[in-house]
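Student: build me a model from this:
(2 chains)
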Amino acid sequence: MDRRWLRVLRSPLGLGAGALAALVLALAVLAPPLWADRANAVHTGIILAGPSGQHWAGTDNLGRDIVFRVLVASRLSVELALAATAIAVLVGLLLGSASCLLGRRTARLVAAGVNVAVAFPGLLLALFFAVVFGVGAKGAVLAIGLSGAPVFARLTQTLVAGVAAMDFVAAARVAGVGRIRILLRHVLPNIAEPLAVNATVGAGSALLAFAGLSFLGLGVQSPSYDWGRLLFDGVANLYVNPAAALAPGAAILLAGLAFNLLGESVAKGFGVAVLTGAGSGSRAGAGTGSGVLPEPGTGARGEAERSSPEAAGTESEPTDVVLDVRDLEVTFPGDRGPIRPVRGITFTVRRGEAVGLVGESGSGKSLTALAVSCLVDASGRVDAARLELLGHDLRTRDTPVRRRMLGTALAMVFQDPMTSFNPTRRIGRQLAEVATHHQGMSRRDAMARAVDRLASAGIPGAARRARQYPHEFSGGMRQRAMIGMGLMGAPALIIADEPTTALDVTVQQQVLDLLAAIRGADDVALMLISHDVTVVGEVCDRVLVMYAGRIVEDLRASELATGARHPYTRALVAAVPDMDTDLDRPLATIPGRPVDPAEVPPGCAYAKRCPLADVRCRAEDPPLTGDGSGDRVACWHAGEPLPGPGGPPDATVRRAGGRQRAEAVLPRLPAAPSGPAVRPGRPPARELP
Amino acid sequence: MSELRFEDVTVRYGRTIAVNGVSLTVAKGEVVGLVGESGSGKSTLARAAVGLAPVHRGSIMLDGRPVPARGRHRPLQMVFQDPYSSLDPRMTVGESIAEAMPPGGSRAERRAEAERLLELVHLDPGHARSRPARLSGGQRQRVALARALAGRPRVIIADEITSALDVSIQGAVLNLVRELQRELGLSILFISHNLAVVRYVASHVAVMRRGEIVEQGPAGRVLAEPGHEYTRELLAAVPGRRSRP
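Tutor: All right, here's what the predicted structure looks like:
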């Protein structure tokens, strides 16, 4: 809370608005006791005088000093504005939260009433109420308060609807918590901030509205006076003494600005906090790490990776390599120094190869994909010793050539197919755009290709479907359309980031089959990113296991079940139940939680959760080194048996046995077309030399 | 513990029928797995049981009596899918758990009970004073379980409680569900689209499709000898099930 206020005050606008608002409030409190006597002192000798050294803005028709009257009037002006705002917020809250308290039908009636009221111009309502409640300060407060209420009611309704849909409200209802209690404990605290911000802005508007009503003679009546009343009096003598009108005018302007700008800058400051709030909270809770990152390329890691045999191998056979990544790092600015979620990773993807990238959330796998496709946000920095797609350097500046190359040679499939299409445009048009934009096709040809590509992505009735909008597609179909979009060019690489996580199991299988079929037919390389090691193991030839922004193991998929050597990979494999899991044992688990990218410990990042970790692991980060087979692992204790109760030592072996049994018992399903066959125990033909 | 029985339950939203004449029994001390794809009506059935969705026809009985939908004590508790939205970010973990407890007891007693429940789900009782933002997804889901247990439920409905979690955390939550079920003898309706997960925790499986239950029976039988085409389809789609080409 405090930190966010600090952030508001640190921006120049926030600081200015805050100072101004503080000044206005201080005046409202202090001015009457200090200067009321001078403001009310009648000097019959100097009636309607112009500005002078003694009376800076002149005097009024009773010879009273205008400047002091403006200062003293701040109390009444601010009081009235705040009172009106309080009425608006209270009535608004009551009407807006009706949906929480009343039955469905009554709530709907209230909502309809609010909608009608919102449609009325506020000032018209205020004038109407002013006539109803009579001329005077009380009537004006009620009028402005009530005319502001519909807007707050509407705002509350929207905010309440958002919070009421959250599961914690449902959970409270299930626990038998009453409606009023839910409103007070769960709903209101969660909407308090936006309401408070809007109330601040509302106070500014109320102040202006009040000045308006008083100026029209409907507000404060003599002998009381607020800024509007002073303005009213001043305007009557505008040609004699313009300062008498300008002084209250300036006060209204400044006070109105103060409230409005304060509200706006608080909204801005808090809005930013909503985005980073969870992250900074967890970081604060995680302990007192230094936040200092290890320097890139220091220690044994960088050197060993560069000199590893497979890195050398890629050089000898450059034509086969689709994607070549060396020492890739992605860095974001953080509160306490730079945060590096991807810390120097090296891998290659060859033509027609399917490479899986596995890891827990926060391991850097998605960022790696974004870095490869040049989609990391502007705030992040991508560094690499090499980053090449089909031999084109991706580290160069964004040029039309690079864009075209990325647009046609690389296809991306994202997790949420709902957000990856523009909902207002037809699917076919969106696909055709790729071809008209990158390949210079005519619209008709592009459309024909789009229909053809949709068909090849397994969408039945492609010509008809191309004319439909994204919302008319189911999740699985939308994901197919997304894949079809990737096929508009002639992709050499498809990067699929959790493409099936949002889908049902049956649909997931179809989408994975489709990816495998495309890969088999066109020799397209596939990079599949998933947190589910079983999915990756099923589709890919090779699996890269990521932990805390580094690759900790790079192995053939056939080795996952029995041949994984890194304790993390073994734990991941053992943690997922399958149809052969032993029901009498607890599932293997990984103790602790993933490393926060802002606080990567020295040594092996996995040491804290690893049953094999020793002093060396905590001090020295193991390099990713290869053995003869082409697999790489970064662990000082690679392949050592896992001890005791942390995880069943024979978990991987048992799983493998089960898997083979299952294969024998189950009817063999038609095998998806795919790349080179991978047989256990023997490196596939296309593996690294 | 208790028996939860759905009898010919139909739930409609306007003209859409979300659940159509479903009969299902969660017997005493048994875990029933309810599987099906999204939109099959399994979550709607769960929400109907706890009064979050309107029952159009049929009845939902707990030990032969209608499930109480009013009052402070709710013998039927639910754990939700998304641990990031199911805990109020403004309340401490201890407050969230205490809120679900039946009324009565001093402040100190309630705090002690919250700490006991946190220990039961293998969390540090010190977390009672933390806000959910400081916890990981798996830890939050444990808190959600502790909150459900705080209501002293006779039956718990777990709606896709692991599908928003990383697989590495899923295992720990599943172990916990099994352990709690054994220790406390809870009856659980366990909803999931993942057959491997359901197989691990449930003794009885019901398969739902388009608002209807197409097959149900002992987990061993349904998963080994599926009688319905759709169950076979689901089984074939379990990752890792298929032999690699």
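
Student: restricting to C-alpha, output stretch A:342-351 in CSV.
Tutor: What follows is stretch A:342-351, C-alpha atoms only, in CSV (Å, rounded to 0.1, in the frame of the first residue of the first chain):
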residue,chain,number,x,y,z
VAL,A,342,16.5,-16.9,-19.4
ARG,A,343,20.2,-17.4,-18.4
GLY,A,344,22.3,-18.5,-21.3
ILE,A,345,20.8,-21.4,-23.1
THR,A,346,22.2,-23.2,-26.2
PHE,A,347,20.4,-25.5,-28.5
THR,A,348,19.7,-26.3,-32.1
VAL,A,349,16.7,-27.6,-34.0
ARG,A,350,17.2,-29.5,-37.2
ARG,A,351,15.0,-29.9,-40.2
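
Student: so how far is that stretch off the chain centroid?
Tutor: Averaging C-alpha coordinates over stretch A:342-351 and over its chain gives two centres that are 27 Å apart (CA atoms, centre = their mean, to the nearest Å).

Student: got the residue ranges for the helices in the stretch 301-450 of chain A?
Tutor: Assigned by DSSP state H, counting those that start in this stretch, the stretch 301-450 of chain A shows helices spanning A:309-316, A:365-372, A:400-409, A:427-438, A:443-456.

Student: who wins for proximity to A:Tyr547 among these?
Tutor: When those are compared by CB to CB, helix A:365-372 sits nearest A:Tyr547, at 9.9 Å. Every C-beta, even on glycine, is put in place using the N, C-alpha and C of the backbone.

Student: same list (the helices of the stretch 301-450 of chain A) but as JSON lines, adding distance to chain B and mean neighbour count.
Tutor: Formatted as JSON lines, these follow (distance: least, CB to the nearest CB, whole Å; neighbours: other CB atoms under 10 Å in any protein chain shown):
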{"stretch": "helix A:309-316", "distance to chain B": "23", "mean neighbour count": "15"}
{"stretch": "helix A:365-372", "distance to chain B": "12", "mean neighbour count": "24"}
{"stretch": "helix A:400-409", "distance to chain B": "26", "mean neighbour count": "16"}
{"stretch": "helix A:427-438", "distance to chain B": "21", "mean neighbour count": "21"}
{"stretch": "helix A:443-456", "distance to chain B": "20", "mean neighbour count": "19"}
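
Student: next, format these as CSV and append mean pLDDT and distance to A:Ala86.
Tutor: Putting those into CSV (pLDDT from 0 to 100; distance: least, CB to CB, whole Å) gives the following:
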stretch, mean pLDDT, distance to A:Ala86
helix A:309-316, 41, 69
helix A:365-372, 89, 47
helix A:400-409, 82, 55
helix A:427-438, 86, 50
helix A:443-456, 90, 58
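
Student: I'd like those helices as TSV, with distance to A:Ile494 appended.
Tutor: Output for the helices of the stretch 301-450 of chain A, formatted as TSV (distance: least, CB to CB, whole Å):
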stretch	distance to A:Ile494
helix A:309-316	20
helix A:365-372	11
helix A:400-409	10
helix A:427-438	14
helix A:443-456	13
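
Student: which among the ones you listed is found nearest to B:Leu223?
Tutor: Among the helices of the stretch 301-450 of chain A, helix A:365-372 comes nearest to B:Leu223, with 31.8 Å by CB to CB.

Student: so what touches the closest one?
Tutor: Residues outside helix A:365-372 that contact it (CB atoms under 8 Å, 6 or more residues apart in numbering or on different chains): A:323, A:325, A:328, A:330, A:341-342, A:345, A:357-359, A:376, A:380, A:382, A:384, A:387, A:389, A:394, A:410, A:412, A:495, A:497-498, A:527, A:529, A:546.

Student: compute the inter-axis angle for it and helix A:400-409.
Tutor: Counting by axes from the mean of the first three to the mean of the last three CA atoms, to 10 degrees, helix A:365-372 lies at 130 degrees to helix A:400-409.

Student: what about A:Ala165, neighbour count?
Tutor: 10 (other CB atoms under 10 Å in any protein chain shown).

Student: how much space between it and A:Ser558?
Tutor: Separation of A:Ala165 from A:Ser558 (CB to CB, to the nearest Å): 46 Å.

Student: hang on, the earlier thing: out of the helices of the stretch 301-450 of chain A, which is closest to B:Arg5?
Tutor: Short answer: helix A:365-372, nearest of the helices of the stretch 301-450 of chain A by CB to CB, at 44.7 Å.

Student: using CSV, write out every CA atom in the closest one.
Tutor: Only the C-alpha atoms of helix A:365-372 are listed here, as CSV (Å, rounded to 0.1, in the frame of the first residue of the first chain):
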residue,chain,number,x,y,z
LYS,A,365,10.5,-21.8,-21.6
SER,A,366,7.9,-19.5,-23.0
LEU,A,367,10.3,-16.6,-23.0
THR,A,368,12.8,-18.7,-24.9
ALA,A,369,10.1,-19.2,-27.6
LEU,A,370,9.2,-15.5,-27.6
ALA,A,371,12.9,-14.6,-27.9
VAL,A,372,13.3,-16.9,-30.9
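
Student: so where's the chain uncertain?
Tutor: Since no chain was named, I'll use chain A. Scanning chain A for pLDDT under 70 picks out A:1-2, A:271-319, A:417, A:644-689.

Student: let me rephrase: I mean chain B.
Tutor: Within chain B, the stretches with pLDDT under 70 are B:1, B:240-245.

Student: the residue nearest the centre of it sits in which helix or strand?
Tutor: Centroid-nearest residue in chain B, with CA atoms, centre = their mean: B:Ala158, separated by 0.9 Å. B:Ala158 belongs to strand B:155-159 when assigned by DSSP states H and E.

Student: rewinding a little: quick one, which of the contacts of helix A:365-372 are buried?
Tutor: Buried subset of those (neighbour count, 16 or more other CB atoms under 10 Å in any protein chain shown): A:323, A:325, A:328, A:330, A:341-342, A:345, A:357-359, A:376, A:380, A:382, A:384, A:387, A:389, A:394, A:410, A:412, A:495, A:497-498, A:527, A:529, A:546.

Student: so which of those residues sit within strands?
Tutor: Among the buried ones among the contacts of helix A:365-372, DSSP state E puts A:323, A:325, A:328, A:330, A:341-342, A:345, A:357-358, A:382, A:387, A:389, A:410, A:412, A:495, A:497, A:527, A:529, A:546 in strands.

Student: what sits against residue 82?
Tutor: Since you didn't name a chain, this refers to chain A. By CB under 8 Å, 6+ apart, the residues touching A:Leu82 are A:Ala203, A:Ala206.

Student: my question was about chain B
Tutor: By CB under 8 Å, 6+ apart, B:Asp82 lies in contact with A:Asp167, B:Ala164.

Student: now swap in B:Arg210 and tell me
Tutor: B:Asn20, B:Ser40, B:Gly41.

Student: which one of those is nearest A:Leu93?
Tutor: Nearest to A:Leu93 among the contacts of B:Arg210, with distances taken as CB to CB, is B:Gly41, at 36.7 Å.

Student: and the strands in the chain, which stretches?
Tutor: All of this is about chain A. A:321-332, A:339-350, A:354-358, A:381-383, A:386-389, A:392-393, A:410-413, A:493-497, A:525-530, A:542-547, A:550-556, A:625-626, A:632-633.

Student: oops, chain B please
Tutor: Using DSSP E, strands in chain B cover B:4-13, B:16-26, B:31-35, B:57-62, B:65-66, B:76-79, B:155-159, B:187-191, B:204-209, B:212-218.

Student: can you tell me the closest non-neighbouring residue to A:Glu559?
Tutor: A:Asp631 (6.6 Å; CB to CB, 6 or more residues apart in numbering or on different chains).

Student: out of the strands of chain B, which comes closest to A:Val595?
Tutor: Comparing the strands of chain B under CB to CB, the one sitting nearest is strand B:76-79, at 27.8 Å.

Student: pairing partners for that closest one, with directions?
Tutor: Strand B:76-79 sits in its sheet next to strand B:155-159 (parallel), going by DSSP bridges.
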